[in-house]
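S.K.: give the three-dimensional model of this entry:
(one chain, ligands or ions: 1)
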Amino acid sequence: MSTRAAPAALALSWRAAPLASVASLAVTLALGVLPATTAWTSKLLLDELARGHTVRVGRASWLVAAGAALAAAMTILTLVSTQLSRRVQRAITLRTQDQLYERVNAIAGLRSFEDPVFQDRLRLAEQGAQGAPGAITKLLTETVRNAIVILGYLGTLMVLWPPMAGFLALAAVPAFLAQRELARRRAGTTEKMMETARKRYFYQALLTDAASAKEVRLFGLGGFFHGRLLAMLRATTDADLAVEAYAARVQGLLGLLTAAVAAVAGIVVVHGIADGRVSLGGFMLFTVAVGGVQSAVSAITTQASTSGQYLRLFRSWRDLVDAPADLPSGTTPAPALRHGVELRDVWFRYQDDGPWVLRGVNLLIPAGQAVGLVGLNGAGKSTLVKLLCRFYAPERGQILWDGVDVAEFDIASLRRRIGATFQDFCRYDATAAENVGLGDLDRIGDLAAIRQAAADAGIDAKLAGLRDGYATFLSRVFRDAELKAGTALSGGQWQRVAIARSLMRRDADLLILDEPGSGLDPEAEHEVHLALSRHRAGRTSLLISHRLSTLRDADLIVVLREGRVVEQGGHTELMAAQTDYARLFLTQAAGYRDTPEPVSAPSPSPTSEPPSEPRSEPTPDPEPFHAAIGSAS
Ligand SMILES: Nc1ncnc2c1ncn2[C@@H]1O[C@H](COP(=O)(O)OP(=O)(O)OP(=O)(O)O)[C@@H](O)[C@H]1O
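M.R.: Okay, here's the model as predicted:
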């Protein structure tokens, strides 16, 4: 058993519910005394009845009444004990879940969430946190109760046949060792199968979620995913079966041992009766005592096994809750932006051995200006945005906020200064008002502010016109508080809701819009574009878009290719330069003409090669960018 984790689990249970824990212990003590007392009462009764016609009716009646009272007390105390355990368990669950998700929320970056090992540990931590404190509390109470039961019966055995106590103690050793091994194997199986179990839930979700239902049906993927789900289910259940088969073998052997010990005890006492040393009541008492000790030992070892299993998982909870910060946060509150945000020679890759995604990016987003970011798919635009939001730290180089490295700022305070719409924005199963208001929790109840943001994103009329206006629940899978079915929005409408959410932070120092128009129809896009242009005027913003016409009026347009800034300037300047931006722009514009005209900007150099990756020291790219961007995606 993971004995080092046990005190921590116990302390947790004590802190979670001190009163209920004490009460539970007191009831447990009382429950421990009852079995031996009941057995003695029965013995006295049996011996009294064995007197035949000389039986003392009054005494026998009292003994019967005492037995009944003891049985009633046993029933009531058991119920009380169960209720108390439930209370303790509930308090523990609330506390451990609270601490777990508080810690999860404190993870500032995204790396952990993209790490399968972390995902496994998180699930194990959930299981361990749920089970361990309860199991260890139960182990404690069971041990105390059963220890008292054992002591009571051992006293009896010492009177009747002392060597039996030694036999029973010896028989307990293999039981304890076997149960400990069982705990190790069970926890090991859970840990080993965690990723498979997660995959199973993933396929389950694919088969049942509304979001995947279309593709699964159109491409006929149901059977395929179903097969995979069953394969995962088979793998996890096979592993469980194997460990439980081992458990059955072990428990079978322990059962044989228990029966053998009980048989020896029985034969010995039969001889005692033959010799006249033991009465009939004494025989009964002896048999009950042996059985009682055996089941008490078995209860303790079985509970120890369960607790051991959970305690191993509990280590995952402790590791997670005690884990150091993934992204060290500074302590200085981020101040209002006055001059600009600068990326200075920023290098970044997602994995230590992965390819560089940003390769020495130098870029200035001046305060009060609108900057457009352009580049082919995979150029690193969204990655750059994620670094600006401090979801990751650059591997080399700095991001400066008015000249101060953002690493010095308290992360939360920096993020409060940023409003953003991400490419993969969220659709919350919540009311329309909440879906917008979540962009600024302080004003989630401010309907006027919510409507203003929605109006800027061109979605106010639609939301106001819903069945219950802004109180309408937007969901395809949940009903609202009054059990009315949720309402669905179209993809473009959801996108505008997401834009509105980012606009809730009206005074954000930096507004980031990553492909805000990708799902919008031409009219909506134009409308939103105009609204956003108005909103962005005089504000600091970074807009990523593949629709280059929406970037024409940006103060500065930056072209990113393979993680490097290869061109920047105003629209007119870049068009006049007739290089990559111009080519990209004209290629896109040609697509709108009836007869596409040949594009005159330079074509890609056949000899151009992707920039080499740094091995030890990053070097700024000395070469001019001469591979033109192919076509707009
Ligand atoms: N979480 C991640 N883990 C590992 N690699 C990633 C991750 N996110 C992006 N990448 C990789 O980083 C590169 C840049 O991706 P990014 O999303 O920044 O490109 P982008 O310029 O925004 O592309 P698009 O125009 O398609 O949105 C891609 O090669 C992608 O595979």
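S.K.: enumerate the residues of the stretch 101-250 of the chain near the ligand.
M.R.: Glu114 (CB under 6 Å from any ligand atom). C-beta here means a position set from N, CA and C on the backbone, and glycine is covered the same way.
S.K.: any weak-confidence spans in the stretch 101-250 of the chain?
M.R.: For the stretch 101-250 of the chain, no stretch is flagged by pLDDT under 70.
S.K.: past the helix or strand harbouring Ala11, which element shows up next along the chain?
M.R.: According to DSSP states H and E, Ala11 maps onto helix 5-16. Going down the chain from helix 5-16, the next helix or strand is helix 18-49, by DSSP H and E.
S.K.: residues from this protein in reach of the ligand?
M.R.: Counting by CB under 6 Å from any ligand atom, the chain sits next to the ligand at 114, 350, 357, 375, 377-383, 423.
S.K.: buried subset of these?
M.R.: 357, 375, 379-383 (16 or more other CB atoms under 10 Å).
S.K.: ok, which pair from the residues you listed is furthest apart?
M.R.: Val357 and Gly375 (11.7 Å; CB to CB).
S.K.: in the stretch 151-300 of the chain, which residue sits nearest the ligand?
M.R.: Residue nearest to the ligand within the stretch 151-300 of the chain: Phe202 (17.3 Å; CB to the nearest ligand atom).
S.K.: how close does Gly32 get to Lys381?
M.R.: Noted for Gly32: a distance of 68 Å to Lys381, by CB to CB, to the nearest Å.
S.K.: Leu110 now?
M.R.: Relative to Lys381, Leu110 is positioned 16 Å away (CB to CB).
S.K.: equivalent analysis for His546, please.
M.R.: Relative to Lys381, and taking CB to CB, His546 is found at 10 Å.
S.K.: could you tell me which residues touch both of those two?
M.R.: Val374 (CB atoms under 8 Å, 6 or more residues apart in numbering).
S.K.: residue contacts, the residue of the stretch 51-200 of the chain at minimum distance from the ligand?
M.R.: Across the stretch 51-200 of the chain, the shortest distance to the ligand (CB to the nearest ligand atom) belongs to Glu114, at 5.2 Å. Neighbouring residues of Glu114 by CB under 8 Å, 6+ apart: Tyr350.
S.K.: cool, Arg186 as well?
M.R.: 243, 247, 305, 309.
S.K.: sorry, back to before: the residue of the stretch 151-300 of the chain closest to the ligand: neighbour count?
M.R.: 14 (other CB atoms under 10 Å).
S.K.: so what's the residue nearest the centre of the chain closest to, chain neighbours aside?
M.R.: For the chain, the residue nearest the mean C-alpha position is Leu122 (5.2 Å; CA atoms, centre = their mean). Spatial nearest neighbour of Leu122, chain neighbours left out: Leu320 (6.8 Å); criterion: CB to CB, 6 or more residues apart in numbering.
S.K.: what's the answer for Leu46, then?
M.R.: Gly281 (3.7 Å).
S.K.: verify the contact between that neighbour and Thr41 for me.
M.R.: No. Gly281 is beyond contact range of Thr41, at 10.4 Å (criterion: CB atoms under 8 Å).
S.K.: so can I have CSV of the buried ones among the residues of the chain next to the ligand showing secondary structure, distance to Ala554 and pLDDT?
M.R.: Compiled in CSV, these are given as follows (DSSP: H, G, I helix; E, B strand; the rest coil; distance: CB to CB, whole Å; pLDDT from 0 to 100):
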residue, secondary structure, distance to Ala554, pLDDT
Val357, coil, 23, 96
Gly375, coil, 14, 87
Ala379, coil, 17, 90
Gly380, coil, 19, 93
Lys381, helix, 14, 93
Ser382, helix, 18, 93
Thr383, helix, 20, 95
